[in-house]
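In: Fold the following for me, if possible:
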Amino acid sequence: MKLRDFREQGYGIKLQELPKTRKEAAEKGITYFWTGKPCVNGHYASRYTKGGTCTTCTRGHNNGDVGVERYSDNNYARKKAAQLGQLKYTPKHACKNGHKERYVHSNNCIQCSKETDKKQAINRKFQRIKKIYGLDKEAYLSMVVEQNSCCKICGTHKSDHFNLHVDHCHTTMKVRALLCSKCNQAIGLLNHDVELIKKTIGYLDATS
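Out: Residues are numbered from 1 along each chain as shown. Model (predicted):
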C-alpha cells in the first residue's frame, strides 16, 4: 500500500510526524510509530506501539478480509453493516463515554477515536515546538497567556493559538514572541534587518 493510499483512508495519521521506533513511541505515550519500511505484507503504514503490528494488516483483518462470518451473531448491527459494506454502525449500548457510533472494522468508538487523534496531534505540535525552538509546553502556553493569544505586532487574535508562529532571532536563536502569519512573513521577507525595516517605515511615512 502506498503512503498516499493510507492517508486517503481517513485515519488522520501523518506518517512523517510519528516516532521512528516502537521504543520512542512508548516513551512519548504515542499510539503509533512508523519505521518508513513496509511490513511483511508490503504495507507502508504505521504500526501499533502496544503490539508492534501493522495497522493496515490489523484493520484489514478486522474489516472482514477473513470473511463477514467473523462478526458474532450477538452483534447483529455490526454484522449487518459489514455485509452492506458500511464503515460504521450503531450498537445497542454506548461506550463508557456515552458515544454511540462505532467503526465496523475495529469496533472502536468513532468519537473517542477522533478525540484521541486530536490529543495526539496536539502533543506532536508541542513536541515540534520543543524540538525547533526549545520551548517546553509550559513556556509556550505562558507566552500564549501573556499575549492573550494575539500577535505581538498587529494584535490579531487567534482562537487557536497554534495559528500563531514562534518568532525567533535567526542569529542568536533567541525566541522573541508569537506572531501572526503576515507579520512573521513580513519580518522574514525583510531579512530580519532592523535598518531595512526602519527604511521601510520611513518610506511609508514619506509617501503617505
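In: Val104 is in contact with Gln86, correct?
Out: Yes. With contact defined as C-beta atoms under 8 Å, Gln86 and Val104 form a contacting pair (6.1 Å). For the C-beta atoms, the positions are set from N, CA and C on the backbone; glycine is no exception.
In: need the contact list for Asp193.
Out: By C-beta atoms under 8 Å, 6 or more residues apart in numbering, Asp193 lies in contact with nothing.
In: Lys199 versus that one, what's the distance?
Out: 9 Å (C-beta to C-beta, to the nearest Å).
In: just Lys96 next, same as before
Out: 62 Å.
In: CA atoms only: put stretch 194-205 into PDB for me.
Out: Provided in PDB are the C-alpha atoms of stretch 194-205 (Å, rounded to 0.1, in the frame of the first residue of the first chain):
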ATOM      1  CA  VAL A 194      16.300  46.400  11.500                       C
ATOM      2  CA  GLU A 195      17.800  49.100   9.300                       C
ATOM      3  CA  LEU A 196      15.900  47.900   6.300                       C
ATOM      4  CA  ILE A 197      12.700  47.800   8.400                       C
ATOM      5  CA  LYS A 198      13.400  51.400   9.500                       C
ATOM      6  CA  LYS A 199      13.900  52.500   5.900                       C
ATOM      7  CA  THR A 200      10.600  50.800   5.000                       C
ATOM      8  CA  ILE A 201       8.800  52.800   7.800                       C
ATOM      9  CA  GLY A 202      10.500  56.000   6.600                       C
ATOM     10  CA  TYR A 203       9.400  55.300   3.000                       C
ATOM     11  CA  LEU A 204       5.800  54.800   4.100                       C
ATOM     12  CA  ASP A 205       5.800  57.900   6.200                       C
END
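In: more crowded one of Lys96 and Lys199?
Out: The neighbour count for Lys96 versus Lys199, taken as other C-beta atoms under 10 Å, is higher for Lys199 (12 against 8).
In: Please name the residues that touch that one.
Out: Per C-beta under 8 Å, 6+ apart, neighbours of Lys199: none.
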